[in-house]
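>>> Give the three-dimensional model of this entry:
(4 chains)
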Number of protein chains: 4
Amino acid sequence: MAGSYFGNILRVTTFGESHGAGIGAVLDGFPAGMELTEEDIQVYLDRRKPGRNSISTPRREDDLVEILSGTFEGKTTGTPIALLIRNNNQNSKDYSEIADCFRPGHADYTYECKYGFRDYRGGGRSSARETAARVAAGAVAEKFLKELGVDFCFYTAAIGDVVIDPDRFDPELILKTPTCMPDEEANEEAVRLIEACRKEQDSIGGIVKGVISGVPAGIGDPTMQKLDARLADALMGINACKSVGVGDGMFAAYTRGSENNDAFYTNEEGFISKRTNHAGGILGGIADGSDIILTAAFKPTPSIAQPQETVMLDGTPKALVIHGRHDPTVVPRAVVVCETMCALTILDAMLSNMSARAENVRKFYSTEE
Amino acid sequence: MAGSYFGNILRVTTFGESHGAGIGAVLDGFPAGMELTEEDIQVYLDRRKPGRNSISTPRREDDLVEILSGTFEGKTTGTPIALLIRNNNQNSKDYSEIADCFRPGHADYTYECKYGFRDYRGGGRSSARETAARVAAGAVAEKFLKELGVDFCFYTAAIGDVVIDPDRFDPELILKTPTCMPDEEANEEAVRLIEACRKEQDSIGGIVKGVISGVPAGIGDPTMQKLDARLADALMGINACKSVGVGDGMFAAYTRGSENNDAFYTNEEGFISKRTNHAGGILGGIADGSDIILTAAFKPTPSIAQPQETVMLDGTPKALVIHGRHDPTVVPRAVVVCETMCALTILDAMLSNMSARAENVRKFYSTEE
Amino acid sequence: MAGSYFGNILRVTTFGESHGAGIGAVLDGFPAGMELTEEDIQVYLDRRKPGRNSISTPRREDDLVEILSGTFEGKTTGTPIALLIRNNNQNSKDYSEIADCFRPGHADYTYECKYGFRDYRGGGRSSARETAARVAAGAVAEKFLKELGVDFCFYTAAIGDVVIDPDRFDPELILKTPTCMPDEEANEEAVRLIEACRKEQDSIGGIVKGVISGVPAGIGDPTMQKLDARLADALMGINACKSVGVGDGMFAAYTRGSENNDAFYTNEEGFISKRTNHAGGILGGIADGSDIILTAAFKPTPSIAQPQETVMLDGTPKALVIHGRHDPTVVPRAVVVCETMCALTILDAMLSNMSARAENVRKFYSTEE
Amino acid sequence: MAGSYFGNILRVTTFGESHGAGIGAVLDGFPAGMELTEEDIQVYLDRRKPGRNSISTPRREDDLVEILSGTFEGKTTGTPIALLIRNNNQNSKDYSEIADCFRPGHADYTYECKYGFRDYRGGGRSSARETAARVAAGAVAEKFLKELGVDFCFYTAAIGDVVIDPDRFDPELILKTPTCMPDEEANEEAVRLIEACRKEQDSIGGIVKGVISGVPAGIGDPTMQKLDARLADALMGINACKSVGVGDGMFAAYTRGSENNDAFYTNEEGFISKRTNHAGGILGGIADGSDIILTAAFKPTPSIAQPQETVMLDGTPKALVIHGRHDPTVVPRAVVVCETMCALTILDAMLSNMSARAENVRKFYSTEE
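Numbers count the residues shown, from 1 in each chain, chains lettered A, B, ... in the order given. The predicted model follows:
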């Protein structure tokens, strides 16, 4: 099935494998007239790119993006924005060993079951490299959202059991620490944990948290396309994500209504507001104007250098040792993927919201002369 | 936007409000030739219906379903199956008080922001009553999945901090206990907790867990339509759901790769299998043939009889006391909603999977004469 | 496949068979706040309904529509508008003869091939009765378009070789003549032709023409969702339609560029306009602000009372005589179906157009406070 | 809106402008395991490319396709097939004159109205060059359809009033004559007409006809996704197409039911067949197993070298003379575009048809072990 697209009015389709000619995305439905350069996108890709520091894989991927279409004289034209990232640091020999067996925790076995064979080089399309294409497209959406007053603050909230301390929260650190943690102490502790994992030929999971501010109340759709459901889809679809929460998330299950309900009041500027935000900014699938708060939990990197029990294509047992260069944790690099997937989701919902009221449709077409 | 549909090849569209003429669903893309009667659907609706026992709202909703189209001589015809449930126990007077204010934890405020006004009777379309339409459609999907060897076991895993004990797990109890817990002791404790909440004019959250067995390896799509992402969408879109997990879910974040990876081996019947199932049956967005394991966390019912701080439409403060009949917990009734939404998701993925391999397409069209 | 929906942002899903419980439509994505009553819809259904006059089938179908959802206090709420038309003049005995053979020119054979069996009563879902559901949904769209200044003039342009004379064009006649021709003389001649066909147990085809005025320049999308392509889809999907043309349609093939190009000029009010309209109001898939002109050609009613050669389910030859009450021509009743399908198409395109420019998105969200 | 995609299960998204970095397509949902090389696609692109002969524009466009993703070891993998055609014969200076005015018959004015500005170089995205991306994607679909026994015969049926004679029909000529006419005499006459148009700085329209054989009975969907409606959408969406017909097309309007109905009979091999094929192979939106017959009428090339009346962006009158190299007729190059768009439509319908019957779904999943 045509399963490589995301979104309704704003729709991104990604393509590409880890070791083919390249990966990319086509972003369709983006409004005309926003300024856009390759550099605008590149800064987001650079946040995802490996090899930036000691805790990341030493693989170098330049991940240089080319805008193939959809801009003219530095502005979007309203037509599809095609983005291409050539693959150029492929080392197919690294993966020859896994061609005929199934790596535990990876999609080798399921692709083989679905398609009958697979591009085994670097995991093919199941490689997390595919998420670079999402970041490139989402960067375009996020740029526009910033113009509309929507801001994103996504960061690593935990690596294993090393959790950030809200009292030490410093957003400036997110782009500076190798873990993307906004807490210097937690970052240092997490780096030690990651290094220990690497030495033990092991890996570790963690949690990404995101806060989206400035989304107007009323964004999102009821029932089947609830904003929280679409965000859950956006985040759960990221490689290695195993859980998604909104607001208090799983902890809401343990609370009482009298604690969990967010009281409404009128604030000093005269706007209706909420005393608390257990709901995480979404009520009935629609944004309530307060911060949208999300968490996404990631499993540990499945590629570890310890010998692992597995089988060959024909079912013969095999003790697999995965060589190559792998991050001991996916979490820091997943932060920007989560952020940009949410940007695609939010902008799509904002565009679709423009026709929610007959009065706005009437106004739009009466002022157009 | 057209936000009331779910699914691709198999697509359900729901309609209706709590206090309008009725609610219903149109299920499009369902294969021709499956036996189907209203009774097949009714048994699922009866599991969702309120007033079945002491812990539930005393409201009576008969929720009788009528098949309006799509069957002939007791079998599906391949054309849209329209299902209608008339509303017939409406008591609009109950809701007159909330017409001009916003209930905390409800969608009143966000609907008002989005649409400029709202059907305030019983929450209108934001009422959990809408989920009856999903259950009706999902029941049709689940009936067919059972014929295909796919089984569903969904139940209440926790009410507040009362958690079931796996050692006492008895699936027979799920349809018998008022809490839908498969553990008699936990059920009794949970009933006491719920009764306490009711007396305190409060409510409590909880967790639904689901196990789907028999899904063939290979079902699902990579990248943007991953099976776990679609299941997360299905579950997070249910009223009051705040978190979704697959397999170990959030706990995967705290583990190491060496623990979390599920080793492959060849079992006694000669099939490739896994030693453990931390992944919850999905790898790279595609089913691996083992049980699919899901959790969904629900917040406490927002309608509580305690006085709550809120505001009127114009921002004036108001101390709201919600009258009417409300469940102190949504969890037991949400079980069948989770189950049937997952059935719609899984069947859709199974139908779409039929064209995944060229050899299957060739075989299909060569044997057809 | 889920093939019963039409539209993107504004999406209609129809359901129902000729002789089941009823037919209907769910209209999703319609803006909130437009006044709507059942009577608004009924006037369109009455234009489609049979038995209005001598040239139509004497079957009575009351086709009374019920709004099941999506309105509150006389206004649309932004949630799905479900419309139900109960079947109540069914005479299943009329159709018993055709249960085991294939009527020429009908979908009996193809449904049997696709689904393995079929609801043979009155053609089941392949009955033109399904178009009543489209008319009901399209009536809602057309009501809103009229508020936005878009007007529809659809009529019968030809019955067989009886063609209207543009010099005698009187739009008042469209709703008055039994043929829906806007030309009294042509109408009379066409009535005679239709009566002759009836006597000869035969039927006749014809042409519907439509003019849509007031569509703003800029509506529609380039490449795959061109406005003319979507209109062609809308019209060709109507039962018995065999050809669709835009502007000069097929005749454009015989002309030269110097004749066919419509020169631009600035009119007296200072607006850019066109000297001619061979293009039929659409250039590059996007409305140019002039009238959108469409033609749809319909084949003769396939149900005729003459003996016809056909086969039974098992291939045995059969001389079929179709009894029952059938219109000798489908054209007059198809007029309102064409009109309302185009209304759904145009409104969908207008809603989607609201987010085409970044400046409009910025303005929309900056003025919202 | 996201208007650049076509298809449901098999979905193509195109991107690119005439004078940007390149054009391309992403084909998503294509089954795994079909052999595919760039050469397979190139032969189709070569049929569309200009400069092949005297009647075509002397512009050279190499239109070399690169497969960016979706194949491995010469076979499709089931993941998106991205196809890129670099633009390399751009001469932006040719188009500087039209940057500030609207060419009659072109999309300059409507793009300006929709988006507020436009990429004027060679028409940008409205250029017929975009159709090369469709041809590339459609070539992949057609290759597979041929393996499934579906054959395509598309050709030029008329240039202006020069119409082919069925008695001289020779399919071998289609790829040999410059007009793509399967009739040597008509071709010669048409070439003379085209040359005359060129000398008179004028252009001419024409008609493409297509016959698709081997489509199994049962393919297509009833009501809103009728196979003929989807084919009409596919064809009308091609640049310069103004009319689409199925079977007898527009001429069906002039006939009687007794002539137009195709009688069923059982043929010598024991298969149910039809005596005639006025319906063009589709009944009730579903293929009946006979040839699918289509016609598409194209307007004359709007770019002509005669002086034409038009206006500047600000409405000032201008006498426009279009320089540059333009085909006097679009018809011969449109043939392969029509053919491949139909291939995408038919394959999509065939894939979706696999789940139409419950018995086939059961069989598929019971034999899979």
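
>>> and A:Lys226, what does it touch?
A:220, A:282, A:284-286, B:236-237 (C-beta atoms under 8 Å, 6 or more residues apart in numbering or on different chains). Yep, even glycine has a C-beta here, placed from its N, CA and C like the rest.

>>> Now do the same for A:Arg60: its pLDDT.
The score at A:Arg60 is 54. That number is its pLDDT.

>>> returning to what we had before: of the contacts of A:Lys226, closest to B:Arg103?
Nearest to B:Arg103 out of the contacts of A:Lys226 is A:Gly284 (C-beta to C-beta; 10.6 Å).

>>> Mind naming the longest helix for chain A?
helix A:331-353 (DSSP state H).

>>> now check it, is it near chain B?
Yes - Helix A:331-353 is in contact with chain B by C-beta under 8 Å from any C-beta of the partner chain, via A:352-353.

>>> could you give the angle of the following helix or strand past that helix to helix C:358-367?
Downstream of helix A:331-353, the first helix or strand assigned by DSSP states H and E is helix A:358-367. Orientation check (axes from the mean of the first three to the mean of the last three C-alpha atoms, to 10 degrees): helix A:358-367 against helix C:358-367 gives 130 degrees.

>>> gap between the longest helix of chain A and the chain center?
Between the centre of helix A:331-353 and the centre of its chain there are 7 Å (C-alpha atoms, centre = their mean, to the nearest Å).

>>> picking that back up, mind telling me the two of the contacts of A:Lys226 farthest from one another?
Pairwise distances across the contacts of A:Lys226 peak at 13.7 Å for A:Ile286 and B:Met236 (criterion: C-beta to C-beta).

>>> A:Pro178: helix or strand, and which one exactly?
Here A:Pro178 is assigned to no helix or strand, by DSSP H and E.

>>> Double-check it against A:Arg192; I have them as touching.
No - using C-beta atoms under 8 Å, A:Pro178 makes no contact with A:Arg192, being 11.6 Å away.

>>> more neighbours, those two?
A:Pro178 (17 against 11; other C-beta atoms under 10 Å in any protein chain shown).

>>> roughly how far apart are that one and chain C?
Applying C-beta to the nearest C-beta, to the nearest Å, the value for A:Pro178 to chain C is 36 Å.

>>> so where do the helices sit in the stretch 51-200 of chain A?
Secondary structure of the stretch 51-200 of chain A by DSSP state H, counting those that start in this stretch: the helices cover A:108-115, A:131-147, A:184-199.

>>> The second one and chain C in contact?
Yes - in terms of C-beta under 8 Å from any C-beta, part of helix A:131-147 sits within range of chain C, namely A:144, A:147.

>>> Grab the nearest non-local neighbour of A:Gly280.
Nearest residue to A:Gly280 in three dimensions, chain neighbours excluded: A:Gly247, at 2.4 Å (C-beta to C-beta, 6 or more residues apart in numbering or on different chains).

>>> Helix or strand with the lowest mean pLDDT in chain A?
Ranked by mean pLDDT, DSSP states H and E, the weakest helix or strand in chain A is helix A:358-367, scoring a mean of 93.

>>> can you give me the offset of it from its chain's centre?
That offset, for helix A:358-367, works out to 35 Å (C-alpha atoms, centre = their mean).

>>> Please apply the same query to stretch A:179-194.
Counting by C-alpha atoms, centre = their mean, stretch A:179-194 comes out at 20 Å from the chain centroid.

>>> That one and chain B in contact?
No - Stretch A:179-194 is not in contact with chain B by C-beta under 8 Å from any C-beta; minimum separation 10.1 Å.

>>> Flag every buried residue along that stretch.
Within stretch A:179-194, the residues that count as buried by 16 or more other C-beta atoms under 10 Å in any protein chain shown are A:179-183, A:186-187, A:189-191, A:193-194.
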